[in-house]
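1. All I have is the shape, not the residue letters:
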């Protein structure tokens, strides 16, 4: 069978692969704990469910405008005004099948073959692959100081005449770090000056802890929506726990949105109407669900940080937001893939290797689930790695003995 060179060059999504492995283990009856998945466990907002049900009950589930239902776009416009202090028009908004599709459509629209996109490590696993899928070149920039916060001096060294865009994700997946106001201001000024697109992946922008905030890039630009180089991507998956609804959007100048709409029309035609009205219901309903989720996740963050302190040699930067942390396990091994596989095989705990995020020797741990999962998952990891931990442990109803150290 003949497979294209491009298709063969695209890496498998590690998070989706791990989700499937966890599912198969659960089907075998194993007591799997999933610390790899970026999915809050809260129920979908009732306003979203009622809106979707009302649309389904009409029996009128047909094509919608490619760029999104006018009523949903109106809700996104209001959301943008309230959360970004930016006035935009319907022509500046396109709704897609998740924020991931929004980013892909955007990259497809702005990149020519061999154009470069700056990606800041640690990074979300899909960024480099999506750039490659449109024949662009991902340029990974890792902080020279060994930290998790990007530095402008490192970015400046990586920018070339081929640089077309920079992707910024703050709060950051996988580290949970919120980038400083000073950094966001610097990168906005730089991109506006150099005519480089600044793609702001704001999917976690309200999941921030300890009274901190994730500064919107628009705050540091004096340009209007039609002339700024800032493009904002967001969606309902994380803030509302609506990962399965696959509704995201991008806010950009009219010309970009027009081309992105044409691209989307040739790929998916339009996004499901009842899923769009569900997203509208979430955006226009009571917003206390977001704050409740934020508080719950912040509590889980505090628990996982406390549990990680019991490890000898493990270092972890305290997350400012999201529902991930990125502890450094190099005191045990430099090979994060082998470590992740060991934890899955011996303790039935799903983690994501840091290598996938540009941070070898680390693991991404999600604390989006229950507190019980967090505490028991970390206890199992410690049982596998720490020779000073008890030699026996119960996993589900099975008594396990550590016999490999």
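-> Received the coordinates, thanks. The model shown is predicted, which means the values in this text are computed figures rather than measured ones.

2. Hmm, residue 334 is touching residue 360, no?
-> Yes. Counting by Cβ atoms under 8 Å, a contact exists between residue 334 and residue 360, whose distance comes to 6.4 Å. (C-beta placed from N, C-alpha, C; glycine too.)

3. how many other residues sit next to residue 265?
-> By other Cβ atoms under 10 Å, the residues close to residue 265 number 13.

4. What helix or strand is it located in?
-> Counting by DSSP states H and E, the element that carries residue 265 is helix 254-267.

5. Give the buried residues for that helix.
-> Residues of helix 254-267 classed as buried: 256, 257, 259, 260, 261, 263, 264 (neighbour count, 16 or more other Cβ atoms under 10 Å).

6. Redo these as TSV? Include pLDDT.
-> Conversion of the buried residues of helix 254-267 to TSV gives the following (pLDDT from 0 to 100):
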residue	pLDDT
256	98
257	98
259	98
260	98
261	98
263	98
264	98
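
7. Among those residues, find me the one that's closest to residue 42.
-> When those are ranked by distance to residue 42 (Cβ to Cβ), residue 264 comes first, at 29.3 Å.

8. Please name every helix or strand in contact with the top helix by length along the chain.
-> Taking residue count as the measure and DSSP state H as the definition, the longest helix of the chain comes out as helix 288-308. The criterion is 3 or more Cβ pairs under 8 Å, 6 or more residues apart in numbering; DSSP states H and E, and the helices and strands that helix 288-308 contacts are strand 324-325, helix 371-385.

9. continuing past the helix or strand harbouring residue 18, what's the next helix or strand?
-> In this structure, residue 18 sits in helix 14-27 according to DSSP H and E. Counting by DSSP H and E, the next helix or strand C-terminal to helix 14-27 is strand 33-34.

10. mind checking how far that next one is from the chain centre?
-> Strand 33-34 sits 18 Å away from the centroid of its parent chain (Cα atoms, centre = their mean, to the nearest Å).

11. Partner strands of the helix or strand residue 233 falls within and their direction?
-> Under the assignment given by DSSP H and E, the secondary-structure element containing residue 233 is strand 230-235. Using DSSP bridges, the neighbouring strands of strand 230-235 in the sheet come out as strand 197-201 (parallel), strand 248-251 (antiparallel).

12. among those, which is the most enclosed?
-> Relative to the other members of the strands paired with strand 230-235, strand 248-251 carries the highest mean neighbour count by mean count of other Cβ atoms under 10 Å, namely a mean of 26.

13. Contacts for it, please.
-> Surrounding strand 248-251, the residues in contact under the criterion Cβ atoms under 8 Å, 6 or more residues apart in numbering are 68, 76, 80, 86, 88, 92-103, 105-106, 203, 225, 231-237, 257, 260.

14. Please identify the most buried of the helices and strands packed on helix 288-308.
-> If you average neighbours per stretch using mean count of other Cβ under 10 Å, then among the helices and strands packed on helix 288-308 it is strand 324-325 that wins, with a mean of 26.

15. which helices and strands does it pack with?
-> Using 3+ Cβ pairs under 8 Å, 6+ apart as the contact test, the elements touching strand 324-325 are helix 288-308, strand 363-366.

16. so of these, which one's packed in deepest?
-> Mean neighbours per residue, mean count of other Cβ under 10 Å, is largest over the helices and strands packed on strand 324-325 for strand 363-366, with a mean of 27.

17. What pLDDT is listed against residue 30?
-> With respect to pLDDT, residue 30 has a value of 89.

18. swap that for residue 398, please
-> Per-residue pLDDT puts residue 398 at 86.
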